[in-house]
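A.B. asks: Mind looking at a prediction? Sequence and model below.
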Amino acid sequence: MSELRVRFAPSPTGYLHVGGARTALFNWLLAKNRGGTFILRIEDTDVERSTKESVDAILEGMKWLGLDWDEGPFYQSDYFPLYKEYVQKLVASGKAYKCYCTAEELDARRNLAMAEGRKPKYDGSCRDRADQPDDQPHVIRFRAPQGGATSFDDLIKGTITFPNEELDDLIIQRTDGTPTYNFCVVIDDATMRITTVIRGDDHVNNTPRQVQLYEALGFPVPQFAHVPMILGADKARLSKRHGATSVISYRDMGYLPEALCNYLVRLGWSHGDDEIFSREEMIAKFDISNVGRSASVFNTEKLNWLNAHYIKSSHPERLAALLLPHLSIREVSTLNGPDLVAVVKTLQERAQTLEEMAERAVFYYNAPVAYDDAALAKFDKELLLAVFTAVIEKLSSTSVADESEIDALFKTVCSENSWKMGQVGQPVRIALSGGTHAPGIGEIVVTLGVEETIRRILAAREFVAAK
Ligand code: GLU
């Protein structure tokens, strides 16, 4: 068998959608698994809708996910002369012809067909026209086979057959001389020697036309694998209506690229009951034969679960670096305050996203300006004042360094005063962080440092005393 060559061929008319990212991932994985080549091709023939910003956004998304390509990016807009050459080849061999029908004529015929209950399709008026003047406006149409059927064996969906009478003579070159979408795709896939086309199943209907073009041009027909769509919880195709669909917005919401890749690979592909795949495992285990036929539903909870898993198992140094932009949008500076790596260590066990982690890290750098009233109201004023005073005294008179010493110190405060741990820990947690959602007391005190801890408890004591 020849070497596997696959491609991802996004149209740069928007950001990289999670559905597109999954298509890219499947292509990339298959190439890695088989020692093949992964090509990136930007389908920018629609000049009106294609933008440089979209190209950049797509490349940024691919890079963030770690989907590196072996060849490209190739831009279709660089290949107009090539497409033209192949259009001419088809015309010369009689497999394509000039069509001079005007838009009005086509409309009138379409309306008549509909009125008579026939399927509207090009009626072939110019198929066998004797004169073919070049100086009159014309498009070029492919002379599609009449009768019979066009089939292909889809690696995911099985054999798909379309009766040829449903496929009319496709326009391959517009009046202005530009080539049309399906034609460019075929020329590119053929000249780039693509062996397997993996793409969304919204392209199934384009495939028989493309197969006919391969055959007419004498190119080998590649294998096709049409991946079922990703749906929202309501079973409609995943769109902005369901929430974020852009890969980069997942980065901005604090997901790790390996979590999103792991999540996307399981949307449609499975390997037994396995859920967690390192990149190496994905590559080793991936195969198109295990891609399912039915559409998958996007499930944010599962993505969160995977993200929490990867956050837990990441190096704190790496997380600290990734956390910085999430802190700076909160205008939190980490210059004054504890080492961010130490902060991360206290938070990474419990955070589902980096956004959540950043939210919880803020108090380490910004002392509370307000306290959770409802949480404070659970304790008598006298108890709060007594607890704060006792803790401050103990902390000031002990030189403590590590977490277990701090925990022991709190136990002593409890036993000396016959308080329960909840009566001491919770008020101190509120004093230090403003609220009750915070890591363990020992962790906070060690990370903040004893001096800062005392300062914050003093402030809380003043606040309570003034109430
Ligand atoms: N450019 C097409 C798209 O973005 C993909 C075409 C293909 O994969 O054949 O949907």
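C.D. replies: That came through fine.
A.B. asks: which residues of the chain score low on pLDDT?
C.D. replies: 1, 400 (pLDDT under 70).
A.B. asks: what does it put close to the ligand?
C.D. replies: Residues of the chain that fall close to the ligand, judged by Cβ under 6 Å from any ligand atom: A9, P10, S11, E43, V185, R199, H203. To be clear about C-beta, it is placed using only N, CA and C from the backbone, and glycine gets the same treatment.
A.B. asks: Let's verify R41: helix, strand, or coil?
C.D. replies: Following DSSP: H, G, I helix; E, B strand; the rest coil, R41 is assigned to strand.
A.B. asks: and the gap between it and F286?
C.D. replies: Going from R41 to F286 by Cβ to Cβ, to the nearest Å gives 21 Å.
A.B. asks: OK, contacts around the closest residue to T334 other than its chain neighbours?
C.D. replies: In space, and not counting its chain neighbours, T334 is closest to L340: 5.0 Å by Cβ to Cβ, 6 or more residues apart in numbering. By Cβ atoms under 8 Å, 6 or more residues apart in numbering, the residues touching L340 are A320, L323, L324, T334, A361.
A.B. asks: Can you tell me how far L340 is from A236?
C.D. replies: Counting by Cβ to Cβ - L340 and A236 are separated by 42 Å.
A.B. asks: again, but for T180
C.D. replies: 29 Å.
A.B. asks: Compare the two (neighbour count), which wins?
C.D. replies: Between T180 and A236, T180 has the larger neighbour count (other Cβ atoms under 10 Å), namely 18 against 11.
A.B. asks: quick one: R209 from K285, how far?
C.D. replies: 34 Å.
A.B. asks: out of those two, which sits in the more crowded spot?
C.D. replies: Taking neighbours as other Cβ under 10 Å, R209 and K285 compare with R209 leading, 20 against 17.
A.B. asks: ok, how many other residues are close to the residue nearest to V450 when sequence neighbours are not counted?
C.D. replies: Spatial nearest neighbour of V450, excluding adjacent residues (Cβ to Cβ, 6+ apart): L395 at 5.5 Å. Applying other Cβ under 10 Å, we find 21 residues neighbouring L395.
A.B. asks: List phi and psi for R330.
C.D. replies: phi -90, psi 10 (degrees, to the nearest 10).
A.B. asks: ok, it to V362 distance?
C.D. replies: 6 Å.
A.B. asks: Please enumerate the strands of the stretch 251-400 of the chain.
C.D. replies: With strands called from DSSP state E, counting those that start in this stretch, the stretch 251-400 of the chain shows them at 296-297.
A.B. asks: for P120, what are its contacts?
C.D. replies: P120 neighbours (Cβ under 8 Å, 6+ apart): R109, R110, A113, M114.
A.B. asks: Find the nearest non-adjacent residue to L155, please.
C.D. replies: A225 is the one closest to L155 (Cβ to Cβ, 6+ apart), at 4.0 Å.
A.B. asks: How many residues are close by S404?
C.D. replies: Applying other Cβ under 10 Å, we find 11 residues neighbouring S404.
A.B. asks: How about A320?
C.D. replies: 22.
A.B. asks: ok, it - contacts?
C.D. replies: L340, V341, V343, V344.
A.B. asks: Quick check: the second one touching H315?
C.D. replies: This means V341. No: assessed by Cβ atoms under 8 Å, V341 is found out of contact with H315, at 9.1 Å.
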